[in-house]
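Asker: would you be able to build a 3D model of this:
(chains A and B)
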Amino acid sequence: GLLVTKCGLLRHRPGGGGAYWVDSQQKRYVPVKGDHVIGIVTAKAGDVFRLDVGGSEPASLSYLAFEGATKRNRPNVQVGDLIYGQFVVANKDMEPEMVCIDSSGRSSGMGIIGQDGFLFKVSLGLIRKLLAPKCEIIQELSQLYPFELVLGMNGRIWVKAKTVQQTLIIVNILEACEYMTAEQRKQALAKLSGN
Amino acid sequence: QVWQIRLDMHLLNHDGNITDAASIAGIVALCHFRRPDVSVQGEEVTVYTPEERDPVPLSIHHMPICVSFAFFHQGTYLLVDPTEREERVMDGLLVIAMNKHHEICTIQSSGVVMLLQDQILRCSKITAVKVAEITELIQKALENDQKARKEGGKFGFAESIPNQRITAFKMESAAVDTNDVEEQAGEIIAKADPPSEVSASPVVHTPGTAQIGEGLESSWGDLEESEKEEAAEEEGESEAAAFECEKVETEDTSTLKETKSDEPIVVSDSEEEEVVILEPQELPRKTR
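Answerer: Sure thing, here's the model as predicted:
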């Protein structure tokens, strides 16, 4: 029998092997192997950190899974820190495991996210939109102020701009992009850059 | 008769304070529920189907509703019904469950805040007010639903969705006119003196406690921000603001006055509101 598990639009990508998928909107994240996510350190248990990734279980991250980490040279991770990493194990039977290095041992952008900045949640659909190549929203925002941006597939975004006010403006725009049309967004940005 | 009842709650979406929302959902579900009618004759038990006999409501004696309070800065600031962001950064949480007869059913305190007796009493007074409102809302909703069912109108969860009464991602935001904010802020900052150090001569009563400032009753707590603005204005701040207005360029005067009447005004990032003693004809050193 056929069972419906997800509602949404059916999409098709003809290139490569071709792929069909259902474009759905949800806020709840389910860990998937290979996804890059932002985790919050909740506990240090011996050699392993526990991270909250927004799923049903906390993920584990070994202290050796950082670039240049050895038993003597431990990474400086505290409870409450933000980590950008990817899943190596993520299925419904086991606790998810994360690492901050890629297969060749380099960090390639992963690791502990710096101080300050602002972390907030959006829907998973918006993240996928922002991660698309040549995303209009990101291009338009970068015309506004310079800022640092980390996008986690678990719906978490970290932003840091020069001042708190600029950071909050970017946060508000990104949150509003959820339900603003392109026109409304261009208007809002025009108003802001006009000042 | 003994029935076993199971209540399942599915959280579809939230912006903080799940406890309160869940308590309301739970008690309304129980009040709304109808169970099959039963008659017992000696050893014989007959359970009637809904077609045979109208189902019967549960006997709910009272409706306890939870109200949550978030504390910040060791109990200095209090927020009722915190949002998700406020919950993430709060120091402590106090949950009070009360019914409309002002009977406290539950009190739970968590976090790293030590609460004073009068704070808890004040919270329970706020809870009484909120619970009265919410209970009335619930009664009205239940009545409306009963009426709709009797008259054959539309009712139920599926009906609420298209009417935009339950929306998934939209959040109401307070509109703030940011057109001239930078200009105004620049002027205010340029005119005002820099704020003094946050911990200016704290008084140490006993080891581990300190008092900063003295004599003034804390105007935070159950006053909302708009009321606090009014309280500040009563102190004569309005005259000082008018004094400031005169110095400002004429084209900006109107907009400055405009934001004063608009509520809410966003307070600066500084955690410590400076205590101001107004002398006549002296510009206050308060930064907004």
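Asker: what's stretch B:100-110 in contact with?
Answerer: Applying Cβ atoms under 8 Å, 6 or more residues apart in numbering or on different chains, the external contacts of stretch B:100-110 come out as B:62-64, B:66, B:92-99, B:115, B:120, B:124, B:127-128, B:131-132, B:135. (Glycine included, C-beta is placed from N, CA and C.)
Asker: what about 7 Å?
Answerer: B:62-64, B:92-99, B:115, B:124, B:128, B:131-132, B:135 (Cβ atoms under 7 Å, 6 or more residues apart in numbering or on different chains).
Asker: now that stretch - C-alpha only, PDB.
Answerer: Presented in PDB, the C-alpha positions along stretch B:100-110 are these (Å, rounded to 0.1, in the frame of the first residue of the first chain):
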ATOM      1  CA  LYS B 100     -10.800  31.400  39.200                       C
ATOM      2  CA  HIS B 101     -11.600  31.000  42.900                       C
ATOM      3  CA  HIS B 102      -8.100  32.300  43.600                       C
ATOM      4  CA  GLU B 103      -7.000  28.900  44.900                       C
ATOM      5  CA  ILE B 104      -3.400  28.200  44.100                       C
ATOM      6  CA  CYS B 105      -3.100  24.700  42.800                       C
ATOM      7  CA  THR B 106       0.600  24.600  41.900                       C
ATOM      8  CA  ILE B 107       3.700  26.700  42.500                       C
ATOM      9  CA  GLN B 108       7.000  25.700  40.900                       C
ATOM     10  CA  SER B 109      10.100  27.700  41.000                       C
ATOM     11  CA  SER B 110      13.200  26.800  38.900                       C
END
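Asker: buried residues, it. List them.
Answerer: Residues B:Lys100, B:Ser109 are the ones in stretch B:100-110 that count as buried (16 or more other Cβ atoms under 10 Å in any protein chain shown).
Asker: tell me the mean pLDDT for that stretch?
Answerer: Average pLDDT, stretch B:100-110: 93.
Asker: for stretch B:19-30, same thing?
Answerer: 95.
Asker: again, but for stretch A:115-128
Answerer: 91.
Asker: just the CA atoms of that stretch, as PDB, please.
Answerer: Listed next in PDB are the C-alpha coordinates belonging to stretch A:115-128 (Å, rounded to 0.1, in the frame of the first residue of the first chain):
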ATOM      1  CA  GLN A 115      31.800  35.300  20.400                       C
ATOM      2  CA  ASP A 116      28.900  37.700  20.200                       C
ATOM      3  CA  GLY A 117      26.500  37.600  17.300                       C
ATOM      4  CA  PHE A 118      23.000  36.400  17.500                       C
ATOM      5  CA  LEU A 119      21.400  33.000  17.100                       C
ATOM      6  CA  PHE A 120      17.800  32.600  16.000                       C
ATOM      7  CA  LYS A 121      15.500  30.000  14.500                       C
ATOM      8  CA  VAL A 122      13.700  30.000  11.200                       C
ATOM      9  CA  SER A 123      11.800  27.300   9.200                       C
ATOM     10  CA  LEU A 124      13.800  24.700   7.400                       C
ATOM     11  CA  GLY A 125      12.400  25.800   4.100                       C
ATOM     12  CA  LEU A 126      13.900  29.300   4.500                       C
ATOM     13  CA  ILE A 127      17.300  27.800   5.200                       C
ATOM     14  CA  ARG A 128      17.200  25.800   2.000                       C
END
